[in-house]
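Visitor: I would like to see how this sequence folds:
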Amino acid sequence: MLADQGEQASMSDVAAAAGVARATVYRYFPNREALLEAVGRLALEDAGARLGAARLDEVAVADGLERTVRALVTVGDGFAVLARERGRPDTGDFDHRIGAPVRDLLARGQRLGEVRDDVPAAWLTEALFGLVVNVIGSAPALGTEDTIAAISSVFFDGAGAAGRPQ
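Guide: Numbering: from 1, shown residues only. Predicted coordinates for the structure are as follows:
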C-alpha cells in the first residue's frame with residue numbers, strides 16, 4: 001500500500017491492505033512516520049546486505065548491474081518506499097549502503113568504456129533507482145527473473161557506451 005500510494009496511503013489503508021483492524025496497526029506503529037521508518041529501516045538493511053553479498057566490485061560491470069537490479073527487485077515494495085522516503089533523516093544511510101556501491105559500479109563502467117560517460121554516474125544511479133521503483137509497482141507484473149532481465153536490459157542498453165558490442 002505504501003509503495004503503491006506513497007504519501008496518499010493512510011494508516012487505515014495500510015490496515016485494510018494487511019487485513020487487520022486500524023487499532024492493530026497503531027498498536028505497533030504509533031503514527032505513519034513510525035511505520036515509514038520501520039519499513040525503510042528493514043528495506044535498507046535488506047538491500048544493503050544483498051548489495052554487499054553481490055560483490056559488485058569483483059564482477060564484470062554488466063553482471064554487477066544485473067546483481068544490483070536483482071537485489072533491489074528482490075527487496076521489492078520495501079525498496080520503493082525507501083527510495084521515495086530517503087530524504088527523511090532516518091534513512092540517511094541510503095547513500096552509504098545503496099547509492100555509493102551502485103554509483104561506484106557505474107563509474108567503473110564509465111572508466112572501462114562500458115557505460116556512457118557523457119552523464120555523471122550519480123545521474124545514472126538515480127535513473128536506475130527510478131526505473132526499479134517504477135517497474136516494481138507497474139502492471140502487468142512479470143516474474144522476478146523476467147523483471148530483472150527487462151530492467152537490466154532497458155537500463156544498460158540505454159546507458160551502454162556508443163559502439164559497445166551487443
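Visitor: and the nearest residue to A150 once chain neighbours are set aside, how far is that from D117?
Guide: The shortest distance from A150 to any residue other than its chain neighbours is 6.5 Å, reached at L142 (CB to CB, 6 or more residues apart in numbering). (Each C-beta comes from the backbone N, C-alpha and C, glycine too.) Distance, L142 to D117, by CB to CB, to the nearest Å: 31 Å.
Visitor: then G19?
Guide: Plainly put, G19 is 49 Å away from D117 if you go by CB to CB.
Visitor: ok, now how distant is T125 from G137?
Guide: Distance, T125 to G137, using CB to CB: 20 Å.
Visitor: picking up where we left off before, the more surrounded of G19 and D117?
Guide: Shown here are G19 and D117; by other CB atoms under 10 Å, D117 has more neighbours (16 against 7).
Visitor: isn't the more buried one right up against Q110?
Guide: Yes - the criterion here is CB atoms under 8 Å, and D117 meets it with Q110 at 4.2 Å.
Visitor: how about the longest helix seen in the chain: buried residues?
Guide: For the chain, the longest helix by residue count, based on DSSP state H, is helix 32-53. For helix 32-53, burial by neighbour count (16 or more other CB atoms under 10 Å) applies to L35, L36, E37, V39, G40, A43, L44, D46, A47, G48, R50, L51.
Visitor: now do it: everything it contacts.
Guide: When contacts are defined by CB atoms under 8 Å, 6 or more residues apart in numbering, helix 32-53 is touched by residues 2, 10-11, 14, 25, 29, 67-68, 70-72, 74-75, 78-79, 81-82, 85-86, 88, 90-91, 93-94, 97-98, 101-102.
Visitor: among those, which are in strands?
Guide: Using DSSP state E, no member of the contacts of helix 32-53 falls within strands.
Visitor: ok, of those residues, which come out buried?
Guide: Buried members of those, scored by 16+ other CB under 10 Å, are 2, 11, 14, 25, 29, 67-68, 70-72, 75, 78-79, 81-82, 85-86, 90-91, 94, 97-98, 101-102.
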